[in-house]
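1. give me a 3D structure for the following:
(2 chains)
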Amino acid sequence: MNQDSYPPALICPSCPPAAGPAPVTTKGSNISFVSGAVPTTIIVAGLALAGYALLMTALNRRMGLVLLAGLGVLEILLLVLVGMIVARLIGGGRPAGLPTLIGYLIATPLVPVIAGFWGALERSRWGPAVIAVAGLVAAVLIVRLHEIWPVISV
Amino acid sequence: MSEPIPSPEPAASQPDSTRTGPGRLLVAVYGLFALSASARAGVQIATKFSHAPVAYLLSAFAGAVYILATVTLANGSPAARRIAVLSCSVEFAGVLAVGTWSVADPATFPDATVWSGYGSGYGFVPLVLPVFGLLWLRHCARRAAAQRTSMSQTRPECAEAG
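-> Coordinates of the predicted model:
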């Protein structure tokens, strides 16, 4: 199948066909698609990180590279989400609780960073426990963000 | 937060430090609630204070108590431990009092505080947090007392310090 109407590179240069959004690539539909996928990914990643970290706590393990890498992935995802929400705000969208939303936008990306430093200082099983809290908090924050501004769909 | 000295700090390795072991987790959760409760109260008081003044002032009070508990638990000195016991006790009393008040008189709370419904909006973490805090502080006090007695001599008796 060749795609006559769109040059392939403009649709999706890296992903296989039929993965990305439907061929109706207006700007709005593209954003709403992404803003549903990223929050859901963050919730899944946060819960998975929390589960793994709790397992490490139960097994009496210390902080390791896997947990720090998981925090890094979570941080990148959160920064992507913050960027998307800021783009929405610049584009003219206004939630009812704007001050609260701005507070969340500032605080949310700090969660994995602070948890990483605080947990890495610990030389016992309680370091991973801190990371577990960070993963759970990230998931809860996404749900709260959705409540503050339903545009951020889950 | 800002400790530029790369050498292991002596306070962290002291057995009576309240911020290591399970205390690491406690301080993290207390810090989380300190931030969320005080930030939430700040926004609410700044933007719509007249809507639910009692709830917002109680949120601000809760935020202050959480900040105090976080700082004193992270510090861990004997004086800080006494203040931590006090703030955890105030916190526990506050959760019970505000929780009961919010159930008995919902009209006073058109908007929720951290402590209304015994912390039901926060997974009841506000209810169990001070209990764990007080248990941990008691454990640390006993450990410190046992260490003192064993250093002076004879039996490591569990004595309450504060």
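2. three-state assignment of the residue lying closest to A:Gly93 once chain neighbours are set aside?
-> The shortest distance from A:Gly93 to any non-neighbouring residue, by CB to CB, 6 or more residues apart in numbering or on different chains, is to A:Val151 (6.1 Å). For every residue, glycine as well, the C-beta is placed using N, CA and C. With DSSP: H, G, I helix; E, B strand; the rest coil as the basis, A:Val151 sits in coil.
3. what is the neighbour count of A:Val151?
-> 15 (other CB atoms under 10 Å in any protein chain shown).
4. quickly note the distance from it to chain B.
-> As judged by CB to the nearest CB, to the nearest Å, A:Val151 and chain B stand 20 Å apart.
5. my guess is that residue contacts A:Gly92. True?
-> No: using CB atoms under 8 Å, A:Val151 is not in contact with A:Gly92, being 11.6 Å away.
6. and for the two, which residues touch both?
-> Counting by CB atoms under 8 Å, 6 or more residues apart in numbering or on different chains, A:Val151 and A:Gly92 have no contacts in common.
7. residues from chain B in reach of chain A?
-> Where proximity means CB under 8 Å from any CB of the partner chain, the interface of chain B facing chain A comprises B:12, B:20-25, B:27-29, B:31-32, B:35, B:39-40, B:43, B:46-47.
8. ok, 6 Å please
-> Contacts of chain B with chain A, taken as CB under 6 Å from any CB of the partner chain, map to B:Gly21, B:Pro22, B:Arg24, B:Leu25, B:Ala28, B:Ala39, B:Val43, B:Thr47.
9. among the residues you listed, who's most crowded?
-> With neighbours taken as other CB under 10 Å, the top of these is B:Ala28, carrying 25 neighbours.
10. check contacts around that one.
-> A:Trp118, A:Val130, A:Val133 (CB atoms under 6 Å, 6 or more residues apart in numbering or on different chains).
11. now do A:Ile106 against chain B, distance only.
-> Note on A:Ile106: its distance to chain B, by CB to the nearest CB, is 9 Å.
12. can you give me the helices for chain A?
-> Taking DSSP state H to define them, one finds helices in chain A at A:8-11, A:27-58, A:65-90, A:98-107, A:110-120, A:126-148.
13. in CSV, list those helices along with mean pLDDT and distance to B:Ser152.
-> Shown next, in CSV, are those (pLDDT from 0 to 100; distance: least, CB to CB, whole Å):
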stretch, mean pLDDT, distance to B:Ser152
helix A:8-11, 42, 78
helix A:27-58, 82, 36
helix A:65-90, 95, 41
helix A:98-107, 91, 47
helix A:110-120, 96, 35
helix A:126-148, 95, 30
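14. CSV please, covering those and showing mean neighbour count.
-> Shown next, in CSV, are these (neighbours: other CB atoms under 10 Å in any protein chain shown):
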stretch, mean neighbour count
helix A:8-11, 10
helix A:27-58, 17
helix A:65-90, 17
helix A:98-107, 16
helix A:110-120, 20
helix A:126-148, 22
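15. mind checking the end-to-end distance for stretch A:105-112?
-> One end of stretch A:105-112 sits 13 Å from the other (CA to CA, to the nearest Å).
16. show me what contacts the residue nearest to B:Ser17 when sequence neighbours are not counted?
-> For B:Ser17, ignoring the flanking residues on the chain, the nearest one in space by CB to CB, 6+ apart is B:Gly76 at 4.4 Å. By CB under 6 Å, 6+ apart, B:Gly76 lies in contact with B:Ser17, B:Thr18, B:Arg19.
17. distance-wise, check the nearest residue to the second one once chain neighbours are set aside relative to A:Gly64.
-> What it means is B:Thr18. Counting by CB to CB, 6+ apart, B:Thr18 lies nearest to B:Gly76, which is 4.0 Å off, once chain neighbours are set aside. Going from B:Gly76 to A:Gly64 by CB to CB, to the nearest Å gives 26 Å.
18. B:Val98 now?
-> Separation of B:Val98 from A:Gly64 (CB to CB) stands at 41 Å.
19. now do A:Val80
-> Distance, A:Val80 to A:Gly64, by CB to CB: 25 Å.
20. just the helices in chain B please.
-> B:10-13, B:22-48, B:53-75, B:78-104, B:125-152.
21. between the ones you listed, which one is nearest to A:Met84?
-> helix B:22-48 (22.3 Å; CB to CB).
22. list the buried residues for the closest one?
-> Going by neighbour count (16 or more other CB atoms under 10 Å in any protein chain shown), the buried part of helix B:22-48 is B:22-44.
23. same check on stretch B:82-92?
-> Using 16+ other CB under 10 Å as the test for burial, stretch B:82-92 gives B:Ile83, B:Ala84, B:Val85, B:Ser87, B:Cys88, B:Val90, B:Glu91, B:Phe92.
24. which of those lies closest to A:Leu98?
-> B:Glu91 (30.8 Å).
25. show me what contacts A:Ile114?
-> Applying CB under 6 Å, 6+ apart, no residues contact A:Ile114.
26. what about it, distance to B:Gly31?
-> Distance, A:Ile114 to B:Gly31, by CB to CB: 8 Å.
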